[in-house]
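Chemist: Using only what follows, build the 3D model:
(chains A and B)
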Amino acid sequence: MTLLTVENLRTFFHTRNGVVRAVDGVSFAVDTGETLGIVGESGSGKSVTCYSLLGLIPSPPGRIESGAALFEGVDLLRCTEAALRSIRGKRISMIFQDPMTALNPYMTVGQQVMEPAMVHERCTSEDARARAVDVLSSAGIQDAAVRLNDYPHQFSGGMRQRVMIAMALITRPALLIADEPTTALDVTVQSQILDLIRSVQQEMRMAMILVTHNLGVIARTCDRVLVMYAGRILESASVRDLFYETRHPYTRALMSAMPSVHAKGETLYAIPGMPPDLSREIVGCPFAARCAHAVERCRREEVSLQEVSPGHATACLRVQAGEL
Amino acid sequence: MSDPILDIIDLSVHFSVSKGLILARRMGAVKAVDGVRLQVQRGEVLGLVGESGCGKTTLARAVMQLVAPTEGRILFEGVDLGTLSMTALRRIRPRLQMIFQDPYASLNPRMTVLDCIAEPLRVHGFASRTNAAERVTALMEQVGLAPRFVRKYPHEFSGGQRQRIAIARALALGPRLIVADEPVSALDVSVQAQILNLLGGLCKDRALTMILVSHDLAVVRHLSHRIAVMYLGKIVEIGDAESVFNNPLHPYTQALLSAIPWPDPDHERARARTLLHDDPPSPLNPPSGCPFHPRCPIAGPECSRTIPPWVERGPHKAACLKVKRLR
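Modeler: Sure, this is the predicted structure:
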C-alpha cells in the first residue's frame, strides 16, 4: 500500500547569486513498511527533498516551486501550518545527522523524549515518562528510568543517536525520515544503530526514508533506492537491481570509485570534473559533462526517468534507447 | 631488509585533565597514546586505523612534533626528534610534512594558491620571491591543478581541489615522510577516488614514505602496505595489509571489519557479524589488562589481569591472549 506519493517536487533557493535549483522535478512513492534509500553526493538534493516534505526549508531564500506530496490523504506541501504540525513528529518523524546539534542542551533527555507524546497525544507526564522509559530501553539505553534525568552532554555520540531514535519513535509514526543517521558515528557504533533501526522498523511496520552517501549502508538496510544527482533522480531500482543490474552510467561510476570493491592498489575510477553549478540552467542530462558514454544528444535533449525493466527506472537516454 | 625511516620507541602522550579554575585539582590523565612501539620502513605506506578517540591523530601529531610526548622517543632517520633544538628541528622539517583532514580549515583564506604553496619554499630558503612562481606552477601540475588558478583564493575551489593544494604544499620541500591525517574523509566518493589515485601515484613515483591515518579501512587497505590497528591508545594488531584484512587475528580488528557495510546487498545480509556492545571506554580510566576486554566477545578472566603479549602469525602480529587458541 502506498503511504507517501511525491510528484514533481521542485525546491529552489533564491539567492543573490541567482536561483539554485536544489531539487528539480523529483517524483517517488514510499510503501507501508518499506525502506527507501536516497543516495547521492553532497549537493545532490537528497536532504532538501526530505526537508521540503516536512516544511523545514527556510523561506526565504527557499521556496517550493511546484509539486505535491500526498501522505494519508493530505498534501504536505499545501496544507496549513497547523495541519502539518499535527503530522510532523506524530505520523512522520525525522532523525537528523548530528545528534549533538539536534538535541537541546538545556533540556534533560527525558523532557525531550516525552515532548512529542505530551504535545501530540496530550499524555499526562506520568504516562509520557513511562512511555519514554519503554522507548529508550528498546532503543538500547540501559537504566533508562535513571538516565531520563541526564542532559545530552552526559551521553556519547552513539547514545545520543539512540535518544534521537527514541524521540522519533515514541509516537509510533507511520514514516521515519532518517537523514544520514550514522554518518557522524564510528563504524562499530554505526553497525549497532543500523541494526536497531531495522529491528524497531520491522516490529512497528514503519516505513523509512534513509538518506545517505554511503552505498554500503544502502546495501545493508534498504529495499528500494533512488540515486540523486544535481537535484534529480537518475536511477530508481530495488536494492538488488541497483547493485547487480546497474544501468545508469553515474551509478556505475560511483560504484567503481569506491575503494573497497577493488583489488588493492589498482587505480580507482575517478569521475572527471565536478558536479554542475545548480544556479545555471542545465540543458540535457546533468551528468553528460562527466559521463564516459555521453554523445551529442545527451547534451541537447531533455531526459526523464523512464522504466527500462519492471521496477527499474533510469534517466539515461542511451540506456532507454538500448544502447548501453 | 629493514631500513626504518621512523622508529617510535615506547611513545606515550598523556593529557592531564583538571577540574576547577582557581584551585585546580588534577583529575587524572587521558592516555591518548600509551606505550606505542612502531617502525616505519623507507618507501612504505603504513595505514593507521581506529575509531575516534583511539589516539591515531595524537600519534600522528606526535611524530610531527606538534604535541610533546610524555614518554618515549621518536627517531627520524636516526635522529631523536625530542632532543633537537628549535633551529635543528626546523632544518629537519622539510623532510617531514603533513596533510590535514579538513581542506576548508587548513588553508589560509587570505592567501592565494601561489602564496600558500610558496610559503614553505620561502621560509626554508628553497626559493626566492622571483623563482617561487615557477616551482609552484610545476607543483600544481603534479597534483592535477591547472596553473592558471595560481592567483585564486581557497574559497574559489571545491573540497577536492583544496586538498590538492594542501598536497602540493606538503610536497613543495621534497619530503621523505608524509603524515596524512584523514586526507579524504571530508570528500565525496567520486572526489575521494581522485585524491586516493593522486596519493597512490605520488608515493610510487617519488618513493615517498607515508603514514596514512584514517577511520576508513577500505581507504587504508587500498593504499597501504602495512596496517596498524589502534584501540584506546595502544596498537593491538599490525602487519601486512592483505593479511590483516583477510585474516584478522585480534577480536577488535575482526569486529571493526565486520562492521563496515559493503556495497553488496546479498553478502551484506547473509554474513555473520561480530557485534560489539556499548561504546569504547573512556581513555581517562582505561580498563586493566587488555584495553579491549570489557567489549570483547571472547574475553576470559585472565584478559582483565594480564597485559597481552604480541603473538606473531605469519606476516602480522596481534596483542591478544586468545589468539593462540583461535587456530
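Chemist: Remind me which helix or strand the closest residue to residue A:8 other than its chain neighbours belongs to.
Modeler: Leaving aside its sequence neighbours, residue A:8 sits nearest to residue A:67 (CB to CB, 6 or more residues apart in numbering or on different chains; 4.9 Å). (Each C-beta comes from the backbone N, C-alpha and C, glycine too.) Residue A:67 is part of strand A:62-71 when elements are defined by DSSP states H and E.
Chemist: Buried ones in that strand, by neighbour count?
Modeler: The neighbour-count check on strand A:62-71 (16 or more other CB atoms under 10 Å in any protein chain shown) flags A:62, A:64-65, A:67, A:69-71 as buried.
Chemist: cool, and stretch B:44-58?
Modeler: Using 16+ other CB under 10 Å as the burial criterion, the residues of stretch B:44-58 that qualify are B:44-51, B:53-58.
Chemist: Distance from the chain centre to that stretch, please.
Modeler: Averaged C-alpha coordinates place stretch B:44-58 at 4 Å from its chain's average position (CA atoms, centre = their mean, to the nearest Å).
Chemist: one step back: report the strands that pair with the strand holding residue A:67, each with its relative direction.
Modeler: Strand A:62-71 has the following strand partners under DSSP bridges: strand A:2-15 (antiparallel), strand A:74-75 (antiparallel).
Chemist: Rebuild those as TSV, extending it with mean pLDDT and mean neighbour count.
Modeler: Output for those, formatted as TSV (pLDDT from 0 to 100; neighbours: other CB atoms under 10 Å in any protein chain shown):
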stretch	mean pLDDT	mean neighbour count
strand A:2-15	94	18
strand A:74-75	93	14
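Chemist: so which of those strands comes closest to residue A:50?
Modeler: Of all the strands paired with strand A:62-71, strand A:2-15 sits nearest to residue A:50, with 10.4 Å by CB to CB.
Chemist: The residue nearest to residue A:8 against residue A:9, yeah?
Modeler: Yes - when contacts are counted by CB atoms under 8 Å, residue A:67 is listed as touching residue A:9 (3.7 Å).
Chemist: Would you tell me which helix is longest in chain A?
Modeler: As assigned by DSSP state H, the longest helix anywhere in chain A is helix A:187-204.
Chemist: who does that helix touch, helix- and strand-wise?
Modeler: helix A:157-169, strand A:175-179, helix A:215-221, helix B:251-259 (3 or more CB pairs under 8 Å, 6 or more residues apart in numbering or on different chains; DSSP states H and E).
Chemist: so can I have CSV of the ones you listed showing mean pLDDT and distance to residue B:226?
Modeler: Supplementary listing: those in CSV, determined by pLDDT from 0 to 100; distance: least, CB to CB, whole Å:
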stretch, mean pLDDT, distance to residue B:226
helix A:157-169, 89, 29
strand A:175-179, 94, 37
helix A:215-221, 92, 24
helix B:251-259, 90, 13
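Chemist: Residue B:177: which of the ones you listed is closest?
Modeler: helix B:251-259 (25.2 Å).
Chemist: circling back to that earlier point, mind telling me the two of the buried residues of strand A:62-71 farthest from one another?
Modeler: The distance between the two most remote of those (CB to CB) is 21.2 Å, for A:62 and A:70.
Chemist: Would you mind giving the helices and strands packed on helix A:187-204 as a markdown table with mean neighbour count and distance to residue B:79 added?
Modeler: Shown next, in a markdown table, are the helices and strands packed on helix A:187-204 (neighbours: other CB atoms under 10 Å in any protein chain shown; distance: least, CB to CB, whole Å):
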| stretch | mean neighbour count | distance to residue B:79 |
| --- | --- | --- |
| helix A:157-169 | 24 | 40 |
| strand A:175-179 | 24 | 50 |
| helix A:215-221 | 24 | 43 |
| helix B:251-259 | 22 | 33 |
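Chemist: Now render these as a markdown table, adding distance to residue A:137.
Modeler: Listed next are these as a markdown table, based on distance: least, CB to CB, whole Å:
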| stretch | distance to residue A:137 |
| --- | --- |
| helix A:157-169 | 9 |
| strand A:175-179 | 19 |
| helix A:215-221 | 23 |
| helix B:251-259 | 23 |
